[in-house]
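A.B. asks: Quick one, what's the 3D model for this:
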Amino acid sequence: MAFASTRELCLAARADGYAVPAVNIVDGLSIASAVKAADSVGSPIILQTSVKTVQYFGAAVLASAAQAAADAASVPVALHLDHCPQRAVITEAIAHGWSSVLFDASDRDFDTAVAETAEVVAEAHAAGVDVESEIENIVGVEDGVGSDDPNVHFYADEELVRVASETGTDLIAPALGTAHGLYTASPVLLVDRVARLVALTDIPVVLHGGTGLSAEEFQAFIDAGVSKINISTAVKLAYMHASRDHLAEAERSGKWEPVKLFDQIGAAVEQAVLQHIELFGSARRVAVTA
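C.D. replies: Predicted coordinates for the structure are as follows:
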């Protein structure tokens, strides 16, 4: 099975009133577990790789693991490069068949961000790859990318849509009051901004920093028109807490069995992904084959 188009998955979700889970994975185990979760309940899924993960494993290794999981599944699976300000890494992901890339130009001045986004779109589209664009900064650092500066530079809704349209961007990642990582205080969510953007354009709107929002907050964003929701921290916590618990028990019992460690981590990641699939309403959107 070829990787699905991220844009097409999100357009279908927007039309039917749900959001596609975009899950940050860290290795072959988390890839397999995330796809297994989606496949078990008939949900499309987007596997997201950080720049650090690509650089650690190599694009070929990650693409191969994701392709193997997609081939074994009966649901559409997309492969997405998350938060990437580095043009060379984007080129590498495109060359290895990623479905989509997020060009994070939020650290550039406006004119540079627009010009480089147009260049990335041209490069990606020539290879049939979708582009998600971020020119506003979303608070919080994720895998070494981002900023803890609480001052978000917003552009006017019309300006954001104009830039996306003129550059050929396939998905927009606007600042919506959320943040990467765990919240230390209640965020001021900009649900109304999603509704305004959706009224201006058919380009799918992406929510970053989803971990920690309530079911009601997720639903409000989806009702407003968000069709892709990124989940990273929740999956990382599931992975690491399962590792910690298993190793603590191994220390206590003196039984050291790596495969059982993998089983426990995989089950925890699968459960975390299933919880978000249900929250986003994406379950049972695809017929599951026996």
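A.B. asks: Any chance you could give me the helix or strand where Asp71 lies in CSV, C-alpha atoms only?
C.D. replies: According to DSSP states H and E, Asp71 maps onto helix 59-72. Output in CSV follows, covering the C-alpha atoms of helix 59-72 (Å, rounded to 0.1, in the frame of the first residue of the first chain):
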residue,chain,number,x,y,z
ALA,A,59,15.2,8.6,6.4
ALA,A,60,15.5,5.3,4.6
VAL,A,61,15.1,3.3,7.8
LEU,A,62,12.1,5.2,9.0
ALA,A,63,10.4,5.1,5.6
SER,A,64,10.9,1.4,5.3
ALA,A,65,9.4,0.7,8.8
ALA,A,66,6.5,3.0,8.1
GLN,A,67,5.9,1.4,4.7
ALA,A,68,6.0,-2.1,6.2
ALA,A,69,3.3,-1.1,8.7
ALA,A,70,1.2,0.6,6.0
ASP,A,71,1.4,-2.5,3.8
ALA,A,72,0.1,-4.7,6.6
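A.B. asks: Which strands or helices does it pack on?
C.D. replies: helix 28-41, strand 45-49, strand 77-84, helix 87-95 (3 or more C-beta pairs under 8 Å, 6 or more residues apart in numbering; DSSP states H and E). Every residue, glycine included, has its C-beta placed from N, CA and C.
A.B. asks: Let me have the ones you listed in TSV, adding mean neighbour count as columns.
C.D. replies: Shown next, in TSV, are the helices and strands packed on helix 59-72 (neighbours: other C-beta atoms under 10 Å):
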stretch	mean neighbour count
helix 28-41	23
strand 45-49	28
strand 77-84	27
helix 87-95	18
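A.B. asks: so which of the ones you listed gets nearest Arg284?
C.D. replies: Nearest to Arg284, of all the helices and strands packed on helix 59-72, is helix 28-41, at 6.5 Å by C-beta to C-beta.
A.B. asks: For that closest one, give the mean pLDDT please.
C.D. replies: Average pLDDT, helix 28-41: 98.
A.B. asks: now it and strand 77-84, what's the angle there?
C.D. replies: 130 degrees (axes from the mean of the first three to the mean of the last three C-alpha atoms, to 10 degrees).
A.B. asks: max-length helix in this protein?
C.D. replies: Looking across the chain with DSSP state H, the single longest helix is helix 258-280.
A.B. asks: what comes up buried for that helix?
C.D. replies: Neighbour counts using 16 or more other C-beta atoms under 10 Å place 261-262, 264-266, 268-270, 272-277, 279-280 of helix 258-280 among the buried residues.
A.B. asks: picking up where we left off before, how about CSV for the helices and strands packed on helix 59-72, with distance to Ala220 added?
C.D. replies: Output for the helices and strands packed on helix 59-72, formatted as CSV (distance: least, C-beta to C-beta, whole Å):
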stretch, distance to Ala220
helix 28-41, 23
strand 45-49, 21
strand 77-84, 23
helix 87-95, 32
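A.B. asks: To Val194, which of these lies closest?
C.D. replies: Counting by C-beta to C-beta, Val194 lies closest to strand 45-49 out of the helices and strands packed on helix 59-72; the figure is 18.5 Å.
A.B. asks: Could you export the closest one as CSV, CA atoms only?
C.D. replies: Extracted in CSV, the C-alpha atoms of strand 45-49 (Å, rounded to 0.1, in the frame of the first residue of the first chain):
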residue,chain,number,x,y,z
ILE,A,45,-3.6,7.8,10.7
ILE,A,46,-0.7,10.1,10.0
LEU,A,47,2.7,9.0,11.3
GLN,A,48,4.9,12.0,12.2
THR,A,49,8.6,12.1,12.4
